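[1] Sequence first, then the predicted structure, then my questions.
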Amino acid sequence: MRTVASLLLAGLLLTASCDRRPSEPEKTFRFINRGDIFTLDLNQMSYAQDIRLTYAIREGLYAPTGPDFTPQPAGATGCDISADKCTYTFHLRDNGWSNGDPVTAHDYVFSWRLMLESPGEYSSLFGYIAGAEAFENVIKAGKPADFSTVGIVAVDDKTLRVTLKQPVPYFLDLTAFPPFFPRNERSMERFRQRNLPRLAYKPEYTKPPAVVTNGPFMLTRWAFKRELHLERNPHYWDAKHVKLDAVDMVVNDNLLSEYLQFKAGAVDFVSDVPADIAPELKQQGLPQMKISTSFGTFFLTLNCGDQLPQSPNKKNPLADPRVRQALAMSIDKQFICDNITRLGEPVATHYIPPGTLPGFQSRPGLPQDVQKAKQLLADAGYPNGAGFPKLPILYNTENTTRARIAQVLKQQWKQGLNIDVEIEGIEGKIFHERVSSHNYTIATVSWFGDYPDASTFTDKYAANGDQNDSQWKDPAYNDLLAKAAVETDVAKRLTLLSQAEQVLNTQVPIIPIYHYVNTSLIADRVEGITMNPRSIVNWKDVALRD
């Protein structure tokens, strides 16, 4: 690997092109996100970089605020909660859309209804609301549905009433999460897909000059694969406390040059330090590099369908849990952490990152045991790897760490189980599409929790989960999730979710490899960014020292 010093020397020509524009406002904060934006459509987003930017331009009823990022009133002044904890009545504050329209309760009803009529990555979260799941199922069947049966009601312009099927302890956390943010229907009208029997809109509504938002900043320019420019929203309810004039999200496809831009002062913040240089910067003790516990796990997702995805007439060996267990138990995860990632990541035998959820305790998963793995593979009909098909490991080519991990897995599985695998790298958006559509066999992926509850991890693998990429369905797992959903005793509920996670850990639709750590570069002149497991940035608190 080239050293940071040599990168700086090689990048001298590059830095000249990274200087700030003379025309930019004085307090313009420039940063490099985790990657380029995939989408700013609330229905479709799931990637960390999309969600991070959305917090800058949109806001919900509540927002993750303060040192522990607990939900506090934002678009609402507060709410009344019924004695049975099933009805929430939100009182909206005076707030404005970036086009000057007032934000009303009807904007929330419209946006939440759109999440049900055009289901996306997080539509399942709305299933907690009374009548929502039944309404969505009728829409999916292509039949007319009565939205008045759903527990989402605009009592008046300033009052939103939400009725849940049962108590949801983290419902206020959900209202602070982008899928629950409002949208301005009037501005989106020209993008409506009127040829469909349901609410649906072209994604152009998310791009300037058409996009209308209600957060501390508004998106005014989106130069494809170059930058996104945000300016202060003068109609935002708390505009007087927004400290920056503008924000530029700089897109940099050359991961190694990200540090050069930071070093040259061309950007103030790198949200996720490129894995190729992060270990070296850590070793050097660079004071601007910050490392903290993360609310995320890197793992392999295994397609558990009966047939191989690209050979539908061939049996998929991964449908057998013994094969999945053999693959998991033959991996030396410590070797990966010590020799590839090198940031002190904890080895993972379970799915949920330890120490990130008060009161929740994961149970140990499968240990490394190559001899046991060989026996499991033989019991499944592949003694010493005989007859095992050559399966591909899919990874996104933008992530060189995952490419190296795939190579190590190939070597370890050959050495431990005498099986061969292929390595297939593809561009990120195509990778996302293939994994989401189950068009893969083994893939290198990750998951970061979206709200501070174990269900943000466990619900992903519910049988009917929108994000269950593995096609894994386990009755015992789903029964535990169902019981946890209606359990009102906090300790008992956490025990049920821990038991569910243990089913996941031992039946192995995924193979946890390590728990992430967050790594960021924060310039000395930056104030208001606090390292935290969920990597949340409270954008209106960010400031630049003179």
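    Perfect, thanks for sending it.

[2] Quick check on Ser98: phi, psi?
    phi -70, psi -20 (degrees, to the nearest 10).

[3] Find the nearest non-adjacent residue to Gly416, please.
    Ser330 (3.9 Å; CB to CB, 6 or more residues apart in numbering). No exception for glycine: its C-beta is placed from N, CA and C like everyone else's.

[4] what about the one you found, distance to Ile419?
    Using CB to CB, to the nearest Å, we find Ser330 at a distance of 9 Å from Ile419.

[5] What of Val153?
    Remark: distance between Val153 and Ile419 (CB to CB) = 56 Å.

[6] and what of Pro274?
    32 Å.

[7] mind listing the helices for the stretch 301-450 of the chain?
    321-329, 333-336, 370-379, 400-417, 428-436 (DSSP state H, counting those that start in this stretch).

[8] Tabulate those helices (a markdown table), appending mean neighbour count.
    Listed next are the helices of the stretch 301-450 of the chain as a markdown table, based on neighbours: other CB atoms under 10 Å:
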| stretch | mean neighbour count |
| --- | --- |
| helix 321-329 | 24 |
| helix 333-336 | 17 |
| helix 370-379 | 18 |
| helix 400-417 | 18 |
| helix 428-436 | 16 |
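
[9] who wins for proximity to Ser46 among the ones you listed?
    Each of these has some distance to Ser46 by CB to CB; the shortest is helix 428-436, at 8.4 Å.

[10] Find the residues that touch each one of Ser330 and Ile419.
    Jointly contacting Ser330 and Ile419 under the rule CB atoms under 8 Å, 6 or more residues apart in numbering are Trp413.

[11] Report the beta-bridge partner residues of Met289.
    Leu521 (DSSP bridges).

[12] and it, what is it in contact with?
    273, 278, 281-282, 519-521.

[13] Give the residue spans of the protein that score low on pLDDT.
    1-25 (pLDDT under 70).

[14] how does it look with 50?
    Applying pLDDT under 50 to the chain picks out residues 1-19, 22.

[15] what's the neighbour count on the residue nearest to Gly416?
    24 (other CB atoms under 10 Å).

[16] Please apply the same query to Val445.
    When counting by other CB under 10 Å, one arrives at 21 neighbours for Val445.

[17] Identify the spatial nearest neighbour of it, chain neighbours not counted.
    Closest to Val445 by CB to CB, 6+ apart is Thr301, at 4.9 Å.

[18] bridging residues for that neighbour?
    Going by DSSP bridges, Thr301 forms beta bridges with Ala443, Ile510.

[19] pretty sure it is touching Asn468, no?
    No. Thr301 is beyond contact range of Asn468, at 9.7 Å (criterion: CB atoms under 8 Å).

[20] of the two, who's got more company?
    The residue with more neighbours, out of Thr301 and Asn468, is Thr301; 25 against 19, by other CB under 10 Å.

[21] What values do phi and psi take at Ala476?
    The phi/psi pair for Ala476 (degrees, to the nearest 10) is phi -60, psi -40.

[22] you'd agree it is up against Val503?
    Yes. Using CB under 8 Å, Ala476 is in contact with Val503, at 5.5 Å.

[23] who's more crowded, these two?
    Val503 (19 against 11).

[24] Quick check: chain neighbours aside, which residue is closest to Phe295?
    Using CB to CB, 6+ apart, the nearest residue to Phe295 is Pro533, at 3.9 Å.

[25] Next one: the residue nearest to Gly416 relative to Thr397, how far apart?
    Taking CB to CB, one finds Ser330 at 26 Å from Thr397.

[26] cool, Leu164 as well?
    Distance of Leu164 to Thr397, given as CB to CB: 43 Å.

[27] more crowded one of these two?
    Looking at Leu164 and Thr397 with other CB under 10 Å, you find the greater number of neighbours at Leu164, namely 18 against 14.

[28] Settle this for me: the more buried one is touching Ala130, isn't it.
    Yes. Taking CB under 8 Å as the definition, Leu164 is a contact partner of Ala130 at 6.3 Å.

[29] any residues in contact with both of those two?
    86, 151.

[30] Give the buried residues for stretch 156-163.
    Counting neighbours by 16 or more other CB atoms under 10 Å, one finds that the buried residues in stretch 156-163 are 158-163.

[31] Can I get stretch 468-475 in PDB, CA atoms only?
    What follows is stretch 468-475 as a C-alpha-only set of coordinates in PDB (Å, rounded to 0.1, in the frame of the first residue of the first chain):
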ATOM      1  CA  ASN A 468     -35.100  -9.800   3.900                       C
ATOM      2  CA  ASP A 469     -32.500 -10.300   1.200                       C
ATOM      3  CA  SER A 470     -31.800 -14.000   2.200                       C
ATOM      4  CA  GLN A 471     -35.200 -15.500   1.400                       C
ATOM      5  CA  TRP A 472     -34.900 -17.200   4.800                       C
ATOM      6  CA  LYS A 473     -38.100 -18.000   6.600                       C
ATOM      7  CA  ASP A 474     -38.000 -19.700  10.000                       C
ATOM      8  CA  PRO A 475     -41.300 -20.200  12.000                       C
END
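
[32] what sits up against it?
    301-305, 435-436, 438, 443, 445, 460-463, 503, 507, 509-510.

[33] Derive a PyMOL selection command for the buried subset of those residues.
    Burial among these is assessed by 16+ other CB under 10 Å; the matching PyMOL selection reads:
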select buried, resi 301+302+303+304+305+435+438+443+445+460+461+462+503+507+509+510
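
[34] can you give me how far stretch 256-267 is from the chain middle?
    Distance, stretch centre to chain centre, for stretch 256-267: 25 Å (CA atoms, centre = their mean, to the nearest Å).

[35] Make 28 the starting number, not 1.
    Will do, 28 is the new start, and the previous item becomes stretch 283-294.

[36] Just the C-alphas of that stretch, formatted as PDB.
    Extracted C-alpha coordinates of stretch 283-294, given in PDB (Å, rounded to 0.1, in the frame of the first residue of the first chain):
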ATOM      1  CA  LEU A 283      -7.600   7.400  -1.700                       C
ATOM      2  CA  SER A 284      -7.800  11.100  -2.700                       C
ATOM      3  CA  GLU A 285     -10.400  11.800   0.000                       C
ATOM      4  CA  TYR A 286      -7.700  12.200   2.600                       C
ATOM      5  CA  LEU A 287      -5.800  14.500   0.200                       C
ATOM      6  CA  GLN A 288      -8.800  16.800   0.000                       C
ATOM      7  CA  PHE A 289      -9.200  16.800   3.700                       C
ATOM      8  CA  LYS A 290      -5.500  17.500   4.300                       C
ATOM      9  CA  ALA A 291      -5.600  20.400   1.800                       C
ATOM     10  CA  GLY A 292      -8.500  22.000   3.600                       C
ATOM     11  CA  ALA A 293     -10.800  21.500   0.700                       C
ATOM     12  CA  VAL A 294     -13.300  19.600   2.800                       C
END
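
[37] Please identify the buried residues of it?
    Residues of stretch 283-294 classed as buried: 283-291, 293-294 (neighbour count, 16+ other CB under 10 Å).

[38] tell me which of those residues is nearest to Leu119?
    Nearest to Leu119 among those, counting by CB to CB, is Val294 at 36.0 Å.

[39] what's around Asp95, how many residues?
    10.

[40] Within the helices and strands, which one has it?
    Using DSSP states H and E, Asp95 is not contained in any helix or strand.

[41] One more: Ile166?
    Applying DSSP H and E, one finds Ile166 within helix 159-167.

[42] Mind giving me the packing neighbours of that helix?
    helix 132-144 (3 or more CB pairs under 8 Å, 6 or more residues apart in numbering; DSSP states H and E).
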